[in-house]
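1. attaching a predicted model along with its sequence, questions to come.
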Amino acid sequence: MDRRTFIGLGLGALVPWCAPSWTSATSLENRARARSLGIVIGSMQPGPFNAITDVPGIQVGHVTLVRGDGPLVVGEGPVRTGVTAILPHGGTLSREACYAADFTLNGNGELTGVGFVRQRGLLAAPILFTNTSSVGNVYDGALRWMMDRDPGLFDRGDRIEPIIGETWGDFLNDTAGRHVRPEHAYEAIEAAQSGLVAEGCVGGGTAMRAFDFKAGIGSASRIVPCADARYTAGVIVQSNFGRRDQLRVDGVPVGREILDQMPERGGPRKNKSMLVVVATDAPLIPVQLQRLCKRVSMGLARTGAISSHGSGDLFIAFSTGKRVVLDQPVDAYALNNRWISHLHQAVIEATEEAILNSLTMAHSMTGRDGNTYHALPLDRLVQIMRAHGRIE
């Protein structure tokens, strides 16, 4: 067995010291992506993988930590958490940056490290998703990875930081135990690869839910024709928001028709946040990328989300269309705004579909104190969608 297999890299396998000990409520149901069920969102075509990795150069990696059952013992578990890493390209990010922008729809959450993005309009570091208590450890591990690849990181005067986003997964996870360590962040970045993206209960999305169903990581993409060129827009989400009655799938009020299989045991469920990364190979400058960030809100709304008072709805977008070598002159160019609406539509559609994939790919999971999130029942989803004429 090679090292990559041993430490659980690739598409988000469990690292060996975190082998699962699931109860029957966390057994792996047969899961499928929304499009495989016949649910087609919007009118634009997805890329080959229907994922953010359809944008050339983008890589995604996960480390997933699942260990223990029963009553919570702080520091011991049960553990339901992890890290998801997104790399804009395979080069040295701190030397070859991408144009970027961010947008906060509702700010009760954390997206650490965006100062450089806001000040310079550039992304020069990996982006990672995790749970609320692990931001510091993930930052530490990501910064170590950056320094290993660029020992002169702090010698050039640039204030470059990894970007770490979090959502609250305490219903299933020993949050106070802070089980995500710096080495897990490092491994998630090392695990990053192109191609298929693992979704559902993986990486930073392991403990998360949406609309009172189990959720987690989801991704989708769209091909964007602009005159004689074809670009790709891709989205990856960490879903952790919404009440059951709000859930809409392609406009159908699915949540109102599935009133059972609510979360079991535990106290109030305060998980209300959403992390979204948008990537495109279209040559966009920061002001255009922020416009894409704002369109994420519309895709979110199409699933029924309202961005509640306690929610951290935090979005970041970047373009791989032009790499910027730091501290050197840049021959800047950008897509004409006559085509920007096509990218707006792509982001809206891909966001909506990525959220649905985060639901349809997640399996039921039991965590601390026997608390359980049930998976969205796919057979009933298909029946409802067929009854409303959305599936033939």
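-> Perfect, I can see it now.
2. rest of the way, CA atoms for contacts and neighbours
-> OK.
3. got the phi and psi for the nearest residue to residue 127 once chain neighbours are set aside?
-> Excluding its sequence neighbours, the residue lying closest to residue 127 (Cα to Cα, 6 or more residues apart in numbering) is residue 163, at 4.7 Å. For residue 163, the backbone dihedrals (degrees, to the nearest 10) come out as phi -110, psi 120.
4. tell me the contacts of residue 163?
-> 111, 112, 113, 114, 125, 126, 127, 128, 139 (Cα atoms under 8 Å, 6 or more residues apart in numbering).
5. least trustworthy helix or strand in this structure by mean pLDDT?
-> helix 3-6 (a mean of 33; mean pLDDT, DSSP states H and E).
6. what's the spacing between the residue nearest the centre of the chain and residue 165?
-> The centroid of the chain falls nearest to residue 237 when counting by Cα atoms, centre = their mean (2.9 Å). Counting by Cα to Cα, to the nearest Å, the separation of residue 237 from residue 165 is 11 Å.
7. what is in contact with those two at once?
-> With Cα under 8 Å, 6+ apart, residue 237 and residue 165 have common neighbours residue 275.
8. quick one on the thing from earlier: residue contacts, the residue nearest to the centre of the chain?
-> 216, 217, 218, 219, 274, 275, 276, 277, 351, 354, 355, 358.
9. need the residues you listed in a markdown table (columns: distance to residue 369).
-> Formatted as a markdown table, the contacts of residue 237 follow (distance: Cα to Cα, whole Å):
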| residue | distance to residue 369 |
| --- | --- |
| 216 | 20 |
| 217 | 24 |
| 218 | 27 |
| 219 | 30 |
| 274 | 25 |
| 275 | 27 |
| 276 | 30 |
| 277 | 32 |
| 351 | 33 |
| 354 | 30 |
| 355 | 27 |
| 358 | 24 |
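10. rewinding a little: so which of the contacts of residue 163 are in strands?
-> 111, 112, 127, 128 (DSSP state E).
11. of those - the most surrounded one?
-> The residue in the ones in strands among the contacts of residue 163 with the most neighbours, by other Cα atoms under 10 Å, is residue 128 (30 neighbours).
12. list the contacts for that one?
-> Residue 128 neighbours (Cα under 8 Å, 6+ apart): 83, 84, 85, 86, 138, 162, 163, 164, 165, 185.
13. quick check: which element contains the residue nearest to the centre of the chain?
-> Using DSSP states H and E, residue 237 falls within strand 229-240.
14. assumed residue 180 was part of a strand.
-> No. If the criterion is DSSP: H, G, I helix; E, B strand; the rest coil, then residue 180 is coil and not within a strand.
15. nearest residue to it in space, please, no chain neighbours.
-> Using Cα to Cα, 6+ apart, the closest residue to residue 180 is residue 134 (5.9 Å).
16. what number of residues lie near that neighbour?
-> When neighbours are counted by other Cα under 10 Å, residue 134 comes out with 28.
17. how about the closest residue to residue 96 other than its chain neighbours, phi and psi?
-> Nearest residue to residue 96, sequence neighbours excluded (Cα to Cα, 6+ apart): residue 325, at 4.7 Å. Backbone geometry at residue 325, expressed as degrees, to the nearest 10, gives phi -80, psi 120.
18. redo the contacts of residue 163 as a markdown table? Include pLDDT.
-> What follows is the contacts of residue 163, written out as a markdown table (pLDDT from 0 to 100):
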| residue | pLDDT |
| --- | --- |
| 111 | 95 |
| 112 | 95 |
| 113 | 95 |
| 114 | 96 |
| 125 | 97 |
| 126 | 98 |
| 127 | 98 |
| 128 | 98 |
| 139 | 98 |
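19. which one of those residues is nearest residue 256?
-> Proximity of the contacts of residue 163 to residue 256, judged by Cα to Cα, is greatest for residue 111, which lies at 32.5 Å.
20. how near is that closest one to residue 164?
-> Here the distance between residue 111 and residue 164 works out to 5 Å (Cα to Cα).
21. all strands for the stretch 151-300 of the chain, in order.
-> Listed in chain order, the strands of the stretch 151-300 of the chain (DSSP state E, counting those that start in this stretch) span 163-167, 209-210, 213-214, 217-226, 229-240, 273-280.
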